[in-house]
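*Asks:* Provide a 3D model corresponding to the input given below.
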Amino acid sequence: MNEISSEIDKSAIRAEVERLRLEHHDLETAIDALLAVGGADQLQIQRLKKRKLLLRDRIAYMEDQLTPDIIA
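*Replies:* Purely as a prediction, here's the structure:
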């Protein structure tokens, strides 16, 4: 039963990582579009970049949860 629960947890984490990656990509696209326009709101761009960095950190953390600990 524990293995099943563990696999369900891992599946949920993988799904969340995929959702976060999609959001990260969408933010990158939005930032690129705002920069291409020129004269875009710098504050808005900074906020989007900060959110993108937070997503990257969250993705890395969640991917670490999927990697088994190796005892050296």
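
*Asks:* burial measure for Gln44, as a count.
*Replies:* Gln44 is flanked by 12 other residues according to other C-beta atoms under 10 Å. Just so you know, the C-beta spots here come from the backbone N, C-alpha and C atoms, and that holds for glycine as well.

*Asks:* Output the contacting helices and strands for the helix or strand that contains Leu22.
*Replies:* Under the criterion DSSP states H and E, the helix or strand holding Leu22 is helix 2-37. Secondary-structure packing of helix 2-37 (3 or more C-beta pairs under 8 Å, 6 or more residues apart in numbering; DSSP states H and E): helix 42-66.

*Asks:* Tell me the buried residues in the helix it packs on?
*Replies:* For helix 42-66, the neighbour count (16 or more other C-beta atoms under 10 Å) marks Leu48, Lys52, Leu55, Ile59 as buried.

*Asks:* Which strands or helices does it pack on?
*Replies:* Against helix 42-66 (3+ C-beta pairs under 8 Å, 6+ apart) you get helix 2-37.

*Asks:* Secondary structure class of Asp69, three-state.
*Replies:* What DSSP: H, G, I helix; E, B strand; the rest coil gives for Asp69 is coil.

*Asks:* Could you check how far it is from Val17?
*Replies:* From Asp69 over to Val17 the distance is 18 Å, taken as C-beta to C-beta, to the nearest Å.
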